[in-house]
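Trainee: Provided below for reference: sequence and predicted model.
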Amino acid sequence: MNEPKLEVRNITHKFRQKRKFLTVLQDINLELYSNEFVGIVGPSGCGKSTLLNIIAGLVKPTSGKVIVEGEVVPGPGSDRGMVFQSYTLYPWLTVAKNIGFGLRLKGMPKAEQRDRIAYYLEIIGLTRFANAYPKQLSGGMKQRVAIARALVNEPEVLLMDEPFGALDAQTREQLQAFFHDLWEKTQITVLTITHDVEEAIFLCQRIYVMGTHPGSIQEQVTVNLPSHRTLDMKLTPEFLEIKRKIVRSLRNI
């Protein structure tokens, strides 16, 4: 197999709590290969978001390292795009300007900016909303814009922190289907964390199951489902068997 696109090696993280230290992550190791869609599931408080923030470079681990494309990463970088649960759009900017915000910061030529923004507007199906403002969009549309804003910078890895958690159940399923189609088109490399086991199975090719106290990897599950997925697949015996396996693993934590 090729070298991993992203590696997490022996990550341990401790928070200072009064006069002692609380270990929130213990010896975390995981790998993400090019064009893979990988998920992390676990109970609340197991350190999923802390781990993702360490991978993003937003938090420095107590020990261990994160490697992207063979290089140890010292902090945040354009090689890792981030999509949060909240939409984090700039309300005073149009959809197009929100998407292109990072391109302007990098000083990309305006013609190239326009072409790339137009491409991602089409990819997310919001071309006719290019000049709309966030307040004029639904929650699902806002999250599509946030996803496009992360992708337009063409990161090596896209990191997603409960990206659909703030949406109602119907919109969440629509966004899951939309994002899986987007992944099929672009073949981006994605690492997502979620508390929703069905979402992880629907989207991912592999899933890491985390335990808690302290947070650690308990199991790795391969999702043996067809690469092209529809929402009806959630009702199949194969899907439900994978769900049972992960739920049992979470119950035993």
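Mentor: Great, that's in hand. Residues are numbered from 1 along each chain as shown.

Trainee: List the buried residues in whichever helix in the chain runs longest.
Mentor: In the chain, taking DSSP state H as the definition, the longest helix is helix 169-186. The neighbour-count check on helix 169-186 (16 or more other C-beta atoms under 10 Å) flags Thr171, Arg172, Glu173, Leu175, Gln176, Phe178, Phe179, His180, Leu182, Trp183 as buried. (Glycine included, C-beta is placed from N, CA and C.)

Trainee: out of the residues you listed, which one sits closest to Lys18?
Mentor: Arg172 (38.7 Å; C-beta to C-beta).

Trainee: ok, for that closest one, nearest residue in space, not its chain neighbours?
Mentor: Phe164 (4.4 Å; C-beta to C-beta, 6 or more residues apart in numbering).

Trainee: right, and that neighbour touches Arg144 too?
Mentor: No - the pair Phe164 and Arg144 fails to qualify as a contact (C-beta atoms under 8 Å) at a distance of 10.8 Å.

Trainee: Where does the prediction get shaky in the stretch 51-200 of the chain?
Mentor: Applying pLDDT under 70 to the stretch 51-200 of the chain flags the ranges 87.

Trainee: Quick one: the helices in it, in order.
Mentor: 95-99, 101-105, 110-123, 139-151, 169-186, 197-203 (DSSP state H, counting those that start in this stretch).

Trainee: Out of the ones you listed, which gets nearest to Gly64?
Mentor: helix 197-203 (23.7 Å).

Trainee: is it possible to export the helices of the stretch 51-200 of the chain to a markdown table including distance to Pro4?
Mentor: Converted to a markdown table, the helices of the stretch 51-200 of the chain look like this (distance: least, C-beta to C-beta, whole Å):
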| stretch | distance to Pro4 |
| --- | --- |
| helix 95-99 | 29 |
| helix 101-105 | 25 |
| helix 110-123 | 26 |
| helix 139-151 | 21 |
| helix 169-186 | 18 |
| helix 197-203 | 19 |
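
Trainee: circling back to that earlier point, can you state the direction angle for the longest helix of the chain and helix 110-123?
Mentor: Helix 169-186 runs at 130 degrees relative to helix 110-123, counting by axes from the mean of the first three to the mean of the last three C-alpha atoms, to 10 degrees.
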